[in-house]
Each structure stands twice: as C-alpha cells, then as structure tokens.
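Enquirer: Below is the structure, and that's it, no one-letter string:
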C-alpha cells in the first residue's frame, strides 16, 4: 500500500493537495446535484403549467397512442406486451 501524504511537520493544519482536490470535487458534485434537482423541479412545474394551459381535448397522448403500429413491439413496465 502506498504511503499516504502527510502534513508538513511545522503546520498541523495544512491539508495535502490531494485532500483539497477531493474536498473541492465533493463540493462541486454536491452543488451540481443541487442544481440538477432545482432544474428538475422547475421542469416539472413548467410541464404542469403547459398541461394546465392546453385547450380541452388537446391533451398529449402516450407514445403508444401516437404510434399505434409499433404497439406490438413495446412492453409495459410490468413486462407485459402492450397491445
């Protein structure tokens, strides 16, 4: 097992560069995850607003409804074939 980096003898608060890089990466990943959650929430709200503003009878269909010729090739979430 390789030796782990150690702090300099004179400074007990110094953090090795690889630990700083790891901490920076963790914080960047956390920030990106938070941003993704914000974007997903905003997208969901926008989709709900769009659906609410559709004229009556103009609701979007499902893929199977929009492509009836392909329905025999598709499977439902439970593994059953969609007919």
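Expert: That came through, no problem. Everything numeric in this text was worked out from a predicted model, so none of it was measured.

Enquirer: Student question: in the chain, what's the helix or strand with minimum average pLDDT?
Expert: helix 63-66 (a mean of 66; mean pLDDT, DSSP states H and E).

Enquirer: so residue 25 is in which element?
Expert: Taking DSSP states H and E as the criterion, the element that holds residue 25 is helix 17-52.

Enquirer: in that helix, what's buried?
Expert: In terms of neighbour count (16 or more other CB atoms under 10 Å), helix 17-52 has no buried residues at all. Where C-beta positions appear, they are placed from N, C-alpha and C, glycine not excepted.

Enquirer: Show me what the mean pLDDT comes to for it.
Expert: Taken as a whole, helix 17-52 has a mean pLDDT of 93.

Enquirer: Which other helices and strands does that helix contact?
Expert: Helices and strands touching helix 17-52, by 3 or more CB pairs under 8 Å, 6 or more residues apart in numbering; DSSP states H and E: there are none.

Enquirer: what's the pLDDT at residue 71?
Expert: The per-residue pLDDT reported for residue 71 equals 58.

Enquirer: for the one 4 residues further on, same thing?
Expert: Listed pLDDT for residue 75 reads 56.

Enquirer: now swap in residue 79 and tell me
Expert: pLDDT recorded at residue 79 is 53.

Enquirer: tell me the contacts of residue 31?
Expert: The contact partners of residue 31, by CB atoms under 8 Å, 6 or more residues apart in numbering, come to none.

Enquirer: any idea how far it lies from residue 24?
Expert: 11 Å (CB to CB, to the nearest Å).

Enquirer: before we move on, what about residue 16?
Expert: To residue 24, residue 16 is 13 Å away according to CB to CB.

Enquirer: what do you get for residue 57?
Expert: Distance from residue 57 to residue 24, by CB to CB: 53 Å.

Enquirer: cool, residue 43 as well?
Expert: 28 Å.
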